[in-house]
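[1] Okay, predicted coordinates and the sequence, questions at the end:
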Amino acid sequence: MASLRLLLSFLILPLCAQTAKLLDTDTFFEMESLASPAISADGSQIAFSRSWADKGKDRQRSNIWLVDKDGQRLRQLTNGGWRDSEPVWSPDSKRIAFLSDRDGTTQLYTMWMDTREVAQLTHLERAPGGFKWSPDGKQLAFTARVPDVEPILPIKMPRRPEGAEWAKPVTVIDRLSWRADGTGPIERGFTHVFVVDASTGGTPRQLTTGKYNHTAFNWSADGKTVFVAGIRKPDAEYLRGDSEIYAITTATGELRTLTDRKGPDREPVPSPNPA
């Protein structure tokens, strides 16, 4: 909590020193914000993202900053007109994993703290999220959306002649949750857990499968198992709040159900002792 108060003070104190005025469109573009504070494993530093409004592009930008635990040596870690966010320290405090859209899409990156060298680990079509280091620092697990491309209706349309002006296809809705406020129609698909090598990156390996959504995962202390919450049951969409905890063997993908009761089971936190 002390670290969070420290970070907030960087934003609040300068504002308090200025003359108070109402928020309008001009002051909105001058506002900056802090997010995702992360304390290094050795407790010596705090990484966080600092965002600002890019007036020329009408976009929100952010970079990663660092500050010592005592509030000294505030410095900028990443630099550029993009969105760097959600820093997560490696177990040995020598690297930071973070999200960035510097290549035009939001991907997972790592940075070596001694050299500031950056490596792009993923090249995904959809942004990863909720990533966590394995205890040995060799892998990163994350969640990502996998589209459901299975046809809703078993109908094969005739071949469309080149240049033909056909009517737009009908919209078939077969899901309880198909649209969201502020975003519109929701893409058909499911959230799954993946792992990727934390040094070389490459094609991530999918740990969970099936037409189910998975959230709130955690590594076991020995890194051999990932615990995840989800509703892996028939008609899962209609069983909101009836989630269970599952254990997935990272080497083989074998899945075991750990809970079986009515009601929500979520946010698994394994003990430090793998036994």
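    Good, I have the coordinates.
[2] in this protein, which spans are helices?
    Assigned by DSSP state H, the helices in the chain fall at 2-16, 25-30.
[3] Going by mean pLDDT, which of those helices comes out lowest?
    With a mean of 49, helix 2-16 has the lowest mean pLDDT of the helices of the chain.
[4] is T225 in a bridge, and if so with what?
    Counting by DSSP bridges, T225 is bridged to T249.
[5] list the contacts for it?
    T225 makes contacts with W219, A247, I248, T249, T250, P270, as judged by Cβ atoms under 8 Å, 6 or more residues apart in numbering. Any C-beta I mention is one placed from the backbone N, CA and C, and that applies to glycine too.
[6] now with 7 Å?
    By Cβ atoms under 7 Å, 6 or more residues apart in numbering, the residues touching T225 are A247, I248, T249, T250.
[7] So it versus L23, what's the distance?
    As judged by Cβ to Cβ, to the nearest Å, T225 and L23 stand 48 Å apart.
[8] do G56 as well
    Separation of G56 from L23 (Cβ to Cβ): 21 Å.
[9] circling back to that earlier point, which one of the contacts of T225 is nearest V88?
    Within these, the smallest distance to V88 is 18.2 Å, found for T250 (Cβ to Cβ).
[10] Domains in the protein, by residue range?
    Structural domains annotated on the chain: 1-120, 129-155+170-275, as defined by automatic domain parsing.
[11] Mind telling me which of those the model trusts least?
    Among the domains of the chain, domain 1-120 scores lowest, at a mean of 84.
[12] How far does that one sit from its chain's centre?
    16 Å (Cα atoms, centre = their mean, to the nearest Å).
[13] outside of stretch 194-212, which residues touch it?
    Contacts to stretch 194-212, defined as Cβ under 7 Å, 6+ apart, come from residues 110, 119-122, 133, 137-142, 144, 148, 190, 192-193, 214, 226, 228, 230-232, 236, 248, 250, 253.
[14] same deal with stretch 53-72?
    Taking Cβ under 7 Å, 6+ apart as the rule, stretch 53-72 contacts 3, 6, 29, 31, 43-52, 73-85, 87, 98.
[15] if we look at stretch 249-258, which residues are touching it?
    Stretch 249-258 is contacted from outside by V195, L207, K224, T225, V226, E244, I245, Y246, A247, I248, using Cβ under 7 Å, 6+ apart.
[16] Using TSV, please lay out the residues you listed together with distance to G201.
    Converted to TSV, the contacts of stretch 249-258 look like this (distance: Cβ to Cβ, whole Å):
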residue	distance to G201
V195	12
L207	17
K224	22
T225	23
V226	19
E244	32
I245	29
Y246	26
A247	26
I248	21
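[17] Most neighbours of all those residues, which one?
    Taking other Cβ atoms under 10 Å as the neighbour criterion, V226 ranks highest of the contacts of stretch 249-258 with 27 neighbours.
[18] list the contacts for the nearest residue to it once chain neighbours are set aside?
    Once flanking residues are discounted, V226 sits nearest to I248: 4.8 Å by Cβ to Cβ, 6 or more residues apart in numbering. I248 sits next to L207, T208, T225, V226, V228, L255 when contact means Cβ under 7 Å, 6+ apart.
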